[in-house]
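S.K.: Structure, please.
(one chain, ligands or ions: 1)
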Amino acid sequence: MDASVDPLTDKEIEDRLAELPGWSVADGRLTRTYSFERHLPAAAMVVHVAQIQEELGHHSQLTLGYNTLTLAVNTHSAGNAITGLDFTLARRVEEIATGHGAS
Ligand SMILES: C[C@H](O)[C@H](O)[C@H]1CNC2=NC(N)=NC(=O)C2=N1
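M.R.: Sure, this is the predicted structure:
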């Protein structure tokens, strides 16, 4: 697991992003918007993401739309830098996304 809470360098972020299609950095946060066919599957994924976040002790900003769910995360305890823990959360969410019909 990539659980370090040291700030990652730009190069380290770039290398990790290359392995996470759909994710990018915007406004200092690691972010991705998932799309769904309807609202309820998007809402259901919120609960699953929240469970993962509680397990990791690490929490993104979650924005639920009609058929979209956006995650945006950095590490508050690292001065709002992007860390390995942010990427750990992103990878864990990627593992469940397809099962929720997210694309
Ligand atoms: C004590 C608790 O684990 C910390 O406050 C956690 C909670 N969730 C967190 N989430 C994020 N994104 N950054 C943090 O630094 C953070 N800290």
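
S.K.: Now do the residue lying closest to Pro7 once chain neighbours are set aside against Tyr34, distance only.
M.R.: In this structure, Pro7 finds its nearest non-sequential neighbour in Ala81, 3.4 Å apart by CB to CB, 6 or more residues apart in numbering. All C-beta spots, glycine's among them, are computed from the backbone N, C-alpha and C. Using CB to CB, to the nearest Å, we find Ala81 at a distance of 24 Å from Tyr34.

S.K.: tell me the SS of the residue nearest the centre of the chain?
M.R.: In the chain, the centroid-proximal residue (CA atoms, centre = their mean) is Ala90; its distance is 3.7 Å. Secondary structure, DSSP: H, G, I helix; E, B strand; the rest coil: Ala90 is helix.

S.K.: Close to the ligand: what parts of this protein are there?
M.R.: 57-59, 73, 75-77 (CB under 6 Å from any ligand atom).

S.K.: switch to 8 Å and redo it
M.R.: 5, 53, 57-60, 73-78, 85-86, 89 (CB under 8 Å from any ligand atom).

S.K.: Grab the nearest non-local neighbour of Asp6.
M.R.: Thr83 (6.3 Å).

S.K.: so the one you found sits right up against Leu8, yeah?
M.R.: Yes - the pair Thr83 / Leu8 is scored as a contact, 6.0 Å apart, by CB atoms under 8 Å.

S.K.: ok, and what's touching the top helix by length along the chain?
M.R.: Counting residues, the longest helix found in the chain (DSSP state H) is helix 39-56. The contact list for helix 39-56, computed with CB atoms under 8 Å, 6 or more residues apart in numbering, reads 34, 36, 59-60, 62, 64-69, 71, 85, 88-89, 92-93, 96-97, 100-102.

S.K.: quick one, strands of this structure?
M.R.: Ranges of strands in the chain, per DSSP state E, are 24-26, 29-35, 61-64, 68-73.
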